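Enquirer: got a predicted structure plus its sequence, pasted below:
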Amino acid sequence: MVDFEVPDVDYTRYTNRQLMAIPLVVLAIALVILSGWYVMTGSPVNQSIDFTGGTELTVQTDTPRGDLAAQFDPAPTSIQSVTDQENRYILTFKESGGSTDLAQQAEQNLRPADGADVVLSYQQVSPGFGSSTQQTALFGLALAFVGMSILAFVLFRTFIPSLGIVISAFSDIMVPLALMNVFGIELSLGTVAALLMLIGYSVDSDILLTNHILRRSGEFYESTYRAMRTGVTMTLTSISAMAVMAIVAFVFRIELLASIGLVLVFGLATDLMNTYMFNVSLLRWYKIGGVES
Amino acid sequence: MSALDRIRENWQIILLVILLVVSGVALFVPGVVGGSSDGSTNLQYGLELDGGSRIRAPVVGMKVELSVDQFGNETAPGEVESTLSGELGVERQDVRVLVPRERGDNVRTVAVEVFADDTHGNVTPEEFAAALRATGFGGVTVDDVEDGVTAKTRSEMVGTIRTKISEAGFAGRTVRQATTVDGEHFIVVAVPDKDPDEVRELISSRGRVTVDAYYRNESGTYVQKTVLTGPEMENIGSVQQEQNSDTYFVPIVVSDDVSGRFAQDMVDGGFQSGSQCTYTQNPNGTDPCLLVVVDNQVVDAYGVQPDLGRAFVGGPNSDFANDPSFRIMAPNYSEARDIRINLQAGSLRAPLDFEEATTFQIRPALAEDFKRNSLITGVIAVLAVSIVVFIRYNDVRVAAPMIVTALSEVALLLGFAAAIQLQLDLSHIAGFIAVVGTGADDLIIIADEVLSEGEVHSARVFQNRFRKAFWVIGAAAATTIVAMSPLAYLSLGDLRGFAIITILGVLIGVLITRPAYGNILRTLTTDQ
């Protein structure tokens, strides 16, 4: 069997400033991307019809992909193929008219495949409802974040290490958000769920590390190494589960599971970097000052 | 070590096994949990995994709450309703005054509602406030007007829609209310295996059925007068076909309180010697007619047999008042069925706003694909976790119980889901996978802590290390619960299920499965 050992990083070779610089630069880049997006599009992330309102149709048809858009008035804003089914498409429309008009257009204008129903699924969200969902989701995220922060302070009752956990969790959310823009993933209810899960997951490894360093006897580097061995295994296990889920769900076009999986992979990878570069050096500075005590 | 000691030492494993058996029973033994189940398990699936339609729409309307003093102790709600509907130019039934049952009890407000707004029925908040002032409530301003209708109206509507949908034969429906954070209320209707159009058609009409008399008054012009309203018709029978004819009817009984008045109305309308109705061909020269009116549309018009006409004579003392059976006619079967449904369910108090509606529909075939594929996805994710854990520990004695324990968390959750008849959707599946992920994480913490400082020789050393590991696990579990609880509480559609499953999974993990894993690990490491 392949052996898998968590590498023993020699932290003494790097100064706190060197270690902290990388995660902070990554966070800064993420924030630049998000604010750039805000300036260009009026929103820091691309939002799905869950939040903007609109209509999404899944259709099965023999009409060629190139001819699909012309069959609708108004035309769809996007057409996606479904990977495991040749003649299935997901059509997205900005409009969310009060009737099921678009579904009827699909039934009338598209050629059915083997006499089956054309419209397989139909989802329509009114803009008013979308914006209320968006507010609710933002409120939920904020509440979860504040709750987690308070808990971090209650658990360790020391300012700097607790603050480190909070900053790290903040970055664990912002970096995946920026990556979502880069990879063209929309913020939907599913991805909000993933971001909330990240709050839970990412804090695990921070708590583990902080606990080992602050609450256990033993020398700093020894404690760090032991926390790291467990923490990295944990995060890698989660990453592999989520990566597999994202890939399989993407093939099957189960959008909710695919986007949850992918956002968690981004976030957990970010968390590896934040925990073992940012939090470690913050704790080292807090506990022993410099590189060596 | 005696058998009793062994049990005492390993009670957490025994508890886990018992709970797994209970879950298995809840999951697989048919009929244990009630409700209908399809297939081999007792699990219930929601729309996304079974197919169907869901419409979520707000109720059209505005309301103003007046204090009882402001409303006046002597004011009659009915008069306010008619004055106000006149002021607003809407129908009487689109205005409602809700007075607390006993004036002067805890509820100190009277709610005045209008079931219209600027897009439906063309009433702006300003006009509503002005009409209230004109009706005699001087102090009302536009700031007092709230969007939406009262809770009483909403729950009545839920009841009406429920009956309508059941009467229409749509099985397995759910009708409920939902509220967003900013206090907006929605009515959610979910029906398996039907198109949204069918559902929408059924609930978009108000379904207000009346019987109107149409006759010439003294001055010779035709008048139309409502003689029976929906609530005045009782004992609604099933649709029957008229003998030797292709017309249908719904047998009803006129309510005792109004049967005399109805008979008198019929005499006043000139029906006492029977009438030949020619309303459809010649509305301006017909005998008196009875019109069946649904939502202001005349659906049928008919005359009265001479026998029945004679029975009306005498009003309150007539033969009809003694035996007030009556037939509501319809031109065809489907109209008759709709009338029956509308009479059974009552009319919808207020219209639903389909402009602001959210509709979701998924065909059973696609839902079936989702069900199968999400199961495959879940299994593969679990395999991925197992492989990583095996590679990391390179020791079957540590890794195998870890996988088994993580899977038993899912088994307990599935049993729980079956027991409470939770309708599983994709978001729950995501929750299950998340539970496997966090579960494995915590078991890794336990294993590392226990195995880290060499061999474990005594139970006391083990206990010490396990307790240390448990602090981290408890803290991590607390953060996950804190992060997920807003979602479990807020009305965010799909995500609620996900959050509830994750929180439950974490609780089951911390309280049941992880201590059990600790026991297993101790048995394996301390050679007891």
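Expert: Received, thanks. Numbers count the residues shown, from 1 in each chain, chains lettered A, B, ... in the order given.
Enquirer: strands of the stretch 51-200 of chain A, residue ranges please.
Expert: Here the stretch 51-200 of chain A has its strands, by DSSP state E, counting those that start in this stretch, at A:54-60, A:78-81, A:88-93, A:119-125.
Enquirer: lowest mean pLDDT across those, which one is that?
Expert: For these, mean pLDDT drops lowest on strand A:78-81, to a mean of 79.
Enquirer: for B:Val436, list the residues it contacts.
Expert: A:241, B:378, B:381-382, B:385, B:406-407, B:409-410 (CB atoms under 8 Å, 6 or more residues apart in numbering or on different chains). Placement of C-beta: from N, CA and C, glycine included.
Enquirer: other SSEs contacting the helix or strand hosting A:Met20?
Expert: Using DSSP states H and E, A:Met20 sits in helix A:16-41. Helix A:16-41 is packed against helix A:159-183, helix A:255-273, helix A:280-288, with contacts defined by 3 or more CB pairs under 8 Å, 6 or more residues apart in numbering or on different chains; DSSP states H and E.
Enquirer: now that helix: buried residues?
Expert: Residues A:16, A:19-20, A:23, A:26-27, A:30-31, A:33-34, A:37 are the ones in helix A:16-41 that count as buried (16 or more other CB atoms under 10 Å in any protein chain shown).
Enquirer: deepest of the helices and strands packed on helix A:16-41, which one?
Expert: helix A:255-273 (a mean of 25; mean count of other CB atoms under 10 Å in any protein chain shown).
Enquirer: and that one with helix A:159-183, angle?
Expert: 130 degrees (axes from the mean of the first three to the mean of the last three CA atoms, to 10 degrees).
Enquirer: can you tell me if helix A:255-273 touches chain B.
Expert: Yes - using CB under 8 Å from any CB of the partner chain, helix A:255-273 reaches chain B at A:256-257, A:260.
Enquirer: of those residues, which one scores lowest on pLDDT?
Expert: A:Leu256 (79).
Enquirer: so B:Tyr45 sits against B:Leu426, correct?
Expert: No - here B:Tyr45 does not reach B:Leu426: they are 10.2 Å apart, not a contact under CB atoms under 8 Å.
Enquirer: which regions of chain B lie under the pLDDT threshold?
Expert: B:1, B:33-39, B:101-107, B:181, B:453-457, B:491, B:493-494, B:526-528 (pLDDT under 70).
Enquirer: quickly list the domain ranges of it.
Expert: B:3-51+B:363-525, B:53-206+B:357-362, B:209-345 (automatic domain parsing).
Enquirer: ok, which of those domains comes nearest A:Ala103?
Expert: Closest approach to A:Ala103 among the domains of chain B (CB to CB): domain B:53-206+B:357-362, 7.7 Å.
Enquirer: how distant is that closest one from the center of its chain?
Expert: 17 Å (CA atoms, centre = their mean, to the nearest Å).
Enquirer: from one end of that domain to the other, what's the distance?
Expert: Distance across domain B:53-206+B:357-362, first residue to last, is 7 Å (CA to CA, to the nearest Å).
Enquirer: where along the stretch 51-200 of chain B do the helices fall?
Expert: Per DSSP state H, counting those that start in this stretch, the stretch 51-200 of chain B has helices spanning B:68-71, B:77-88, B:125-135, B:151-167, B:196-204. These are given in chain order.
Enquirer: got those helices as TSV, with distance to B:Pro30 and mean neighbour count columns?
Expert: Output for these, formatted as TSV (distance: least, CB to CB, whole Å; neighbours: other CB atoms under 10 Å in any protein chain shown):
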stretch	distance to B:Pro30	mean neighbour count
helix B:68-71	56	16
helix B:77-88	53	17
helix B:125-135	56	19
helix B:151-167	25	18
helix B:196-204	31	19
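Enquirer: is it possible to export those helices to JSON lines including distance to B:Phe498?
Expert: JSON lines is the format used below for the helices of the stretch 51-200 of chain B (distance: least, CB to CB, whole Å):
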{"stretch": "helix B:68-71", "distance to B:Phe498": "45"}
{"stretch": "helix B:77-88", "distance to B:Phe498": "45"}
{"stretch": "helix B:125-135", "distance to B:Phe498": "38"}
{"stretch": "helix B:151-167", "distance to B:Phe498": "25"}
{"stretch": "helix B:196-204", "distance to B:Phe498": "24"}
